[in-house]
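J.: Fold the following for me, if possible:
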Amino acid sequence: MTDTEAEAPEAIFSPDDGVDSLWIKSYQGEILGEILFTRLADRLAADQARKMRVLSTLERKTKEALVPSLVRAGISTEPDPDTVSAAEGLADALATTTWADLVGSFEAITTQYLALYRRIGELDPSENEASELLVAHEVALREFGRREARGESGTSLDAITALPHMQ
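T.: Got it, this is the predicted structure:
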């Protein structure tokens with residue numbers, strides 16, 4: 001087992017989950033990310049805080065881009081109080097985590113979300129555009145983590161800022 005596999009979080013979805021469940025997990029995941037990155041930014045040094053704020057903006061803009069899909073599916077776009085609480089708790093738990101460990105965690109997390117986002121497109125091809133946006137944003141987050149881990153901090157945000165919905 002590799003280090004990445006050993007650190008992988010519990011599966012965030014089941015192959016049996018319906019598309020509505022996946023939409024909810026996706027949307028609430030964006031809410032979680034937005035809150036988490038904002039709260040982490042409040043605790044970091046200037047350059048790292050700036051990067052976390054960009055990631056928070058990415059999560060917010062991605063969340064906003066999903067609203068039409070959720071409306072079409074008849075799914076609420078209200079933040080789940082449990083998601084908000086989980087995001088706040090996670091930010092508190094990560095308060096003492098090193099930058100290297102934080103960005104190193106992106107690999108396992110993005111792997112799980114990529115699978116979830118691709119599954120939405122498989123289950124509902126009419127929402128392929130939204131599924132592809134989700135995948136692209138997750139690939140950009142993964143690339144950010146990889147570049148930061150390699151010490152390429154000057155270009156770590158490039159994939160994120162290049163996303164069409166970040167313009």
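
J.: Just the mean pLDDT for stretch 71-89, thanks.
T.: If you average the pLDDT over stretch 71-89, you get 97.

J.: chain center to it: distance?
T.: Centroid separation for stretch 71-89 versus its chain: 14 Å, with Cα atoms, centre = their mean, to the nearest Å.

J.: mind listing what's buried in that stretch?
T.: Neighbour-count burial for stretch 71-89 flags I75, P79, T83, A86, A87 (criterion: 16 or more other Cβ atoms under 10 Å). All C-beta spots, glycine's among them, are computed from the backbone N, C-alpha and C.

J.: which residue packs closest to the last one, ignoring adjacent ones?
T.: The spatial neighbour of A87 that comes closest, neighbours along the chain excluded (Cβ to Cβ, 6 or more residues apart in numbering), is I35 at 3.7 Å.

J.: wait, isn't that neighbour in contact with S85?
T.: No - using Cβ atoms under 8 Å as the test, I35 is too far from S85 to be in contact (9.7 Å).

J.: for the strand or helix carrying S69, packing partners?
T.: In this structure, S69 sits in helix 46-73 according to DSSP states H and E. Applying 3 or more Cβ pairs under 8 Å, 6 or more residues apart in numbering; DSSP states H and E, we find helix 46-73 packed against helix 19-41, helix 128-149, helix 158-161.

J.: Is S14 in a helix, a strand, or coil?
T.: Following DSSP: H, G, I helix; E, B strand; the rest coil, S14 is assigned to coil.

J.: what angle sits between the helix holding S69 and helix 19-41?
T.: Compare the direction of helix 46-73 with that of helix 19-41 by axes from the mean of the first three to the mean of the last three Cα atoms, to 10 degrees and you get 160 degrees.
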